[in-house]
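Peer 1: missing the sequence, but the structure's below:
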């Protein structure tokens with residue numbers, strides 16, 4: 001069982017359940033998504049094992065959001081199949097949805113509520129009993145330094161809303177977590193807490209798929225990543241250095257020093273704009 005992830009003097013943020021790691025956490029085969037005949041996602045395959053912190057990258061309009069929408073049941077694929085945690089998945093897969101957590105970018109948070117009320121609703125929706133819900137809510141609010149009832153969510157800063165969305169995504173202790181731009185607008189201390197939690201989360205055999213435009217963060221945090229361009233996955237690999245200390249980011253026989261260099265090569269670096 002993982003150690004508690006703590007803030008300051010020791011506020012517990014999570015304790016993880018044991019996970020069956022016998023099957024892939026995410027299996028995507030021939031996934032396509034079209035809008036009025038235009039393909040946003042073009043027949044991609046994706047296989048992610050349990051215990052991975054996986055970065056899913058791409059420029060704006062690459063098809064990442066459509067892919068994640070299909071993987072979380074918000075969108076119906078036009079073609080292809082999805083398996084999550086070893087089970088077939090679609091928008092009606094309620095049992096699987098209880099085992100995953102989702103932090104969408106810019107998701108609605110019922111801003112007329114207090115943070116405690118929102119998390120209570122989220123906990124009950126996932127089937128936590130009243131006592132466990134109360135304990136989890138107190139842990140998360142303290143660890144992420146969020147007020148329980150002093151301010152309504154509408155009064156929160158952007159960073160506080162992001163931390164609350166993260167708390168809502170993990171309150172039921174999911175086995176698979178989808179995070180869309182999770183660190184945007186959050187202060188460095190909050191980001192550090194979340195990163196520590198994610199590292200402990202995957203160390204227990206759980207799985208994270210996250211998107212971010214901050215490539216340095218992805219390179220330091222994730223162990224594997226894929227880059228999507230124009231609806232297709234154009235690269236997938238392991239992040240970090242090889243055993244000889246050399247860059248291990250390889251594409252078509254060429255090595256890249258940083259994830260940013262590889263990303264710009266694949267996505268197409270733009271010419272600098274002359275400021276007048």
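Peer 2: On my side now, so go ahead. The model shown is predicted, which means the values in this text are computed figures rather than measured ones.
Peer 1: how about the helices in the stretch 1-150 of the chain?
Peer 2: Under the criterion DSSP state H, counting those that start in this stretch, the stretch 1-150 of the chain contains helices at 64-71, 94-97, 115-125, 130-143.
Peer 1: the third one to helix 130-143, inter-axis angle?
Peer 2: It stands for helix 115-125. 140 degrees (axes from the mean of the first three to the mean of the last three CA atoms, to 10 degrees).
Peer 1: I'd like to know which elements helix 115-125 is packed against.
Peer 2: Helices and strands touching helix 115-125, as assessed by 3 or more CB pairs under 8 Å, 6 or more residues apart in numbering; DSSP states H and E, comprise helix 130-143, helix 158-170. From N, CA and C alone the C-beta is placed, and that goes for glycine too.
Peer 1: most tightly surrounded among those helices?
Peer 2: helix 158-170 (a mean of 21; mean count of other CB atoms under 10 Å).
Peer 1: low-confidence ranges in the protein?
Peer 2: Per-residue confidence for the chain (pLDDT under 70) gives these ranges: 1-22, 240-247, 269-276.
Peer 1: spatially central residue in it, please.
Peer 2: Centroid-nearest residue in the chain: residue 179, 2.1 Å away (criterion: CA atoms, centre = their mean).
Peer 1: give the bridge partners for that residue, please.
Peer 2: Beta-bridge pairing for residue 179 (DSSP bridges): residue 103, residue 210.
Peer 1: what's the separation between it and residue 54?
Peer 2: Distance of residue 179 to residue 54, computed by CB to CB, to the nearest Å: 10 Å.
Peer 1: what do those two both touch?
Peer 2: With contacts taken as CB atoms under 8 Å, 6 or more residues apart in numbering, residue 179 and residue 54 have 208, 209, 210 as neighbours in common.
Peer 1: if we can go back for a sec, any chance of the helices and strands packed on helix 115-125 in a markdown table, plus distance to residue 26?
Peer 2: Below are the helices and strands packed on helix 115-125 laid out as a markdown table (distance: least, CB to CB, whole Å):
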| stretch | distance to residue 26 |
| --- | --- |
| helix 130-143 | 25 |
| helix 158-170 | 16 |
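Peer 1: and those helices: which comes nearest residue 261?
Peer 2: helix 158-170 (28.5 Å; CB to CB).
Peer 1: just name whatever secondary elements the closest one is in contact with.
Peer 2: strand 100-103, helix 115-125, helix 130-143, strand 176-180, helix 188-203.
Peer 1: export those as JSON lines, with columns for distance to residue 32.
Peer 2: Converted to JSON lines, those look like this (distance: least, CB to CB, whole Å):
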{"stretch": "strand 100-103", "distance to residue 32": "21"}
{"stretch": "helix 115-125", "distance to residue 32": "31"}
{"stretch": "helix 130-143", "distance to residue 32": "37"}
{"stretch": "strand 176-180", "distance to residue 32": "19"}
{"stretch": "helix 188-203", "distance to residue 32": "29"}
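Peer 1: who touches stretch 108-118?
Peer 2: Here stretch 108-118 has contacts from 121, 137, 141, 146-149, 151-154, 156, 161, 164-165, 167-168, using CB under 8 Å, 6+ apart.
Peer 1: report the buried residues of that stretch.
Peer 2: The neighbour-count check on stretch 108-118 (16 or more other CB atoms under 10 Å) flags 109, 113, 114, 115, 116, 117, 118 as buried.
Peer 1: nearest to residue 259, of these?
Peer 2: Comparing the buried residues of stretch 108-118 against residue 259 with CB to CB places residue 109 closest, at 31.0 Å.
Peer 1: need phi/psi at that closest one.
Peer 2: When read as degrees, to the nearest 10, the backbone of residue 109 gives phi -120, psi 20.
Peer 1: roughly how far does it sit from residue 70?
Peer 2: According to CB to CB, residue 109 stands 23 Å off from residue 70.
Peer 1: hang on, isn't residue 233 packed against residue 46?
Peer 2: Yes - counting by CB atoms under 8 Å, residue 46 is a contact partner of residue 233 at 6.8 Å.
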